[in-house]
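Undergrad: sequence first, predicted model second:
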Amino acid sequence: MNLESLHLLFFKNYEEAQLSFSAHINCFIGDNGSGKTNLLDAIHYLSLTKSAFTPTDAQSIKQGAEFFVTRGRFGGRPDDAPAETIQCSLRLGQKKSVTHDKQPYERVSDHIGRYPVVLISPYDTDLIRQGSEERRKHFDSLMSQLDHEYLELLIRYTQLLKQRNALLKLATDRQAGYDRDYLLTIDEQLVPLGEQLVQRRQDFLLEFEPLFQRHYAQLADGQEQVTLTYKSELPGADFGKLLRLQERRDLTLQRTTTGPHRDDFTFLMDDKPVKSYGSQGQQKSFVIALKLAQFELLAERQRQKPLLLLDDIFDRLDEKRITRLMQLVANHSFGQIFLTDTHLERTDRVLASLSEDIRRFRVESGTVTRL
Ligand SMILES: Nc1ncnc2c1ncn2[C@@H]1O[C@H](COP(=O)(O)OP(=O)(O)OP(=O)(O)O)[C@@H](O)[C@H]1O
C-alpha cells in the first residue's frame, strides 16, 4: 500500500496543495517553518485521523479559514485492488468527518489501523522526558493500530471513567446528592474492562520488548542492556477491591485514582532510568529503536508496511545512526518513505547510494513544487 497523492485545503499554512508521490522515497525540502512537517502531519491525519503535533483539530485549520481538508489516494494494494480515497476534514463548530471512498465511517475509530503509519520526529525524546501520560498515549495509540479490540476496550473504559469522574464531582454538591448505587454499577462494568486492558498491555510488551532490544543493539552497538517495563497496580490485585479501597480518596479528589489510566511504562538502561542515566545519543537511539520495533510489529500484523514519516532526522541524528537507518532503507525493510530536510545537497548526499525512485519537493511558506 502506498500514498499516491495528497490534496490539501486550508490545512495549517497551506491554502491548497496537490502532490503526487513516488511509491518509494519522497523528500520535502525547505527552510525552517516553511511547512514541511505540516505535510507529514496531513499524512498522519489520513492514517490516525488526528495530528501528531497539535492537541486539537481546530488548530489544523489555516488561520482565518473555516475548514480544512486532507485527502489521500492509496494504491498499490495487494491483489491489484482498486485505489482508495481517504478524506479527513473539519469545519469549525462541527464534528470531524472521515470518509473512505466518500462514505463516512459510522465511527471514526473503525478507520484506525487500516493505513498504518510510523513517525520518527525530533519530539520523540519527549517520550522519555515527559510524564506517564505521554507514554501511555503512545503505547495506547500503537496498540490501537495493532489490535482493534484493544481500541474498543480503551474507548469503552474511557467513556465509563468519564461518567465515574463526573459522578465523583457531583458527589461534593450536597444538593445534587450522591448516587452510590450508580457508582457501583459503573464499577461493575469498569472492572472487567480495566483488567483486560492491563492483560493486553502485558501481552503486548512480551512481544514488543525483544524486537525493541534487537533494534537498539543494532543502532547503538553499545553494551548497555535496555528494558521496557509496565508499571501497574493491577496485576495480581483485584481491581474491584482497589476501587473500593480508594473510594473515599476518589470522593475527596473528585477523580478516579486507581486503574490502568494511571499506569506507566518505564524505560530502563542497565536497570536505571534512561531519562537520567542515558546520554543524549543513547536516548535518541532508544526512541528510534522504539519506532523501528513499532514499524516491524505493524508490518507483520497488518501484512503491509506502514508509511514511514521521517521528520528532520538528518539534522538531528549523527552519521552513525543515519547510516544505519539508510541501510535499512537500502535493504527494502521499509515501504514508502516521506522525509523532511532543510538542505537539498545533504539529502542527495545521504540518499546517493540508493537505487529507489526518489521524488523531491521544494516547500516554501505554504507552497510545494516538485523539483
Ligand atoms: N493553523 C495554521 N494556520 C496557519 N499557519 C499555520 C497553522 N499551523 C501552523 N502554521 C504555520 O506552519 C509553520 C510551521 O510549519 P512546519 O512545522 O511544517 O515547518 P517545517 O518546515 O517543518 O519547519 P522546521 O524545519 O523548523 O521543522 C509555522 O510558520 C506555523 O505558523
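TA: Done, it's in.
Undergrad: list the contacts for the residue nearest to residue 158 when sequence neighbours are not counted?
TA: Leaving aside its chain neighbours, residue 158 sits nearest to residue 261 (7.5 Å; criterion: C-beta to C-beta, 6 or more residues apart in numbering). C-beta here means a position set from N, CA and C on the backbone, and glycine is covered the same way. Residues in contact with residue 261 (C-beta atoms under 8 Å, 6 or more residues apart in numbering) are 136, 157-158, 161.
Undergrad: enumerate every residue touching the residue in the stretch 101-250 of the chain that the ligand sits nearest to.
TA: Shortest the stretch 101-250 of the chain-to-the ligand distance, computed as C-beta to the nearest ligand atom: residue-wise this is residue 122, at 7.8 Å. By C-beta under 8 Å, 6+ apart, residue 122 lies in contact with 311-312, 315-316.
Undergrad: among those, who's most crowded?
TA: residue 311 (24 neighbours; other C-beta atoms under 10 Å).
Undergrad: that older thread, from the contacts of residue 122, which are also near the ligand?
TA: Residues of the contacts of residue 122 in contact with the ligand (C-beta under 6 Å from any ligand atom): residue 312.
Undergrad: and of the contacts of residue 122, the nearest to residue 335?
TA: Proximity of the contacts of residue 122 to residue 335 (C-beta to C-beta) peaks at residue 311, which lies at 17.6 Å.
Undergrad: what's the neighbour count on residue 252?
TA: 12.
Undergrad: now name the helix or strand holding it.
TA: Under the criterion of DSSP states H and E, residue 252 resides in helix 247-253.
Undergrad: go ahead and measure how far that helix is from the middle of the chain.
TA: 33 Å (C-alpha atoms, centre = their mean, to the nearest Å).
Undergrad: could you identify the helix or strand that succeeds it?
TA: strand 264-269.
Undergrad: any buried residues in that following strand, and which?
TA: 264-265, 267-269 (16 or more other C-beta atoms under 10 Å).
Undergrad: kindly provide the distance from the residue nearest to residue 138 when sequence neighbours are not counted to residue 33.
TA: Once flanking residues are discounted, residue 138 sits nearest to residue 127: 5.8 Å by C-beta to C-beta, 6+ apart. Taking C-beta to C-beta, to the nearest Å as the measure, residue 127 falls 24 Å from residue 33.
Undergrad: equivalent analysis for residue 320, please.
TA: Applying C-beta to C-beta, the value for residue 320 to residue 33 is 29 Å.
Undergrad: okay, these two: which has more neighbours?
TA: residue 320 (13 against 10).
Undergrad: measure the more buried one to residue 48 for me?
TA: 31 Å.
Undergrad: and residue 183, by the same measure?
TA: Distance from residue 183 to residue 48, by C-beta to C-beta: 34 Å.
Undergrad: still on that earlier bit, closest to the ligand out of the buried residues of strand 264-269?
TA: Using C-beta to the nearest ligand atom, these come closest to the ligand at residue 267, 25.1 Å.
Undergrad: wait, what's in contact with residue 290?
TA: Applying C-beta under 8 Å, 6+ apart, the residues near residue 290 are 124, 127, 212.
Undergrad: do residue 73 as well
TA: 3-5, 83-85.
Undergrad: format the residues you listed as JSON lines; extra columns: secondary structure, pLDDT and distance to the ligand.
TA: Below are the contacts of residue 73 laid out as JSON lines (DSSP: H, G, I helix; E, B strand; the rest coil; pLDDT from 0 to 100; distance: C-beta to the nearest ligand atom, whole Å):
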{"residue": "3", "secondary structure": "strand", "pLDDT": "97", "distance to the ligand": "17"}
{"residue": "4", "secondary structure": "strand", "pLDDT": "97", "distance to the ligand": "22"}
{"residue": "5", "secondary structure": "strand", "pLDDT": "97", "distance to the ligand": "19"}
{"residue": "83", "secondary structure": "coil", "pLDDT": "93", "distance to the ligand": "26"}
{"residue": "84", "secondary structure": "strand", "pLDDT": "95", "distance to the ligand": "26"}
{"residue": "85", "secondary structure": "strand", "pLDDT": "97", "distance to the ligand": "24"}
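Undergrad: max pairwise distance over the residues you listed: which two?
TA: Longest span within the contacts of residue 73, C-beta to C-beta: 5 and 84, 12.0 Å.
Undergrad: all helices of this structure, in order?
TA: In the chain, the helices defined using DSSP state H lie at 36-48, 126-129, 132-146, 148-171, 180-220, 239-245, 247-253, 274-277, 280-302, 313-316, 319-330, 344-351.
Undergrad: deepest of those helices, which one?
TA: Comparing those by mean neighbour count (mean count of other C-beta atoms under 10 Å), helix 36-48 ranks first with a mean of 24.
Undergrad: tell me which other helices or strands that helix touches.
TA: If you count contacts as 3 or more C-beta pairs under 8 Å, 6 or more residues apart in numbering; DSSP states H and E, helix 36-48 packs onto strand 2-11, strand 14-20, strand 25-30, strand 67-75, strand 84-91, strand 117-120, strand 307-310, strand 337-341.
Undergrad: chain center to stretch 84-104: distance?
TA: 19 Å.
Undergrad: what sits against the nearest residue in space to residue 200 that is not next to it in sequence?
TA: Counting by C-beta to C-beta, 6+ apart, residue 200 lies nearest to residue 150, which is 5.3 Å off, once chain neighbours are set aside. With contact taken as C-beta under 8 Å, 6+ apart, residue 150 is in contact with 143-144, 197, 200.
Undergrad: closest one of those residues to residue 169?
TA: Relative to residue 169, and with distances defined as C-beta to C-beta, the nearest of those is residue 197, at 23.5 Å.
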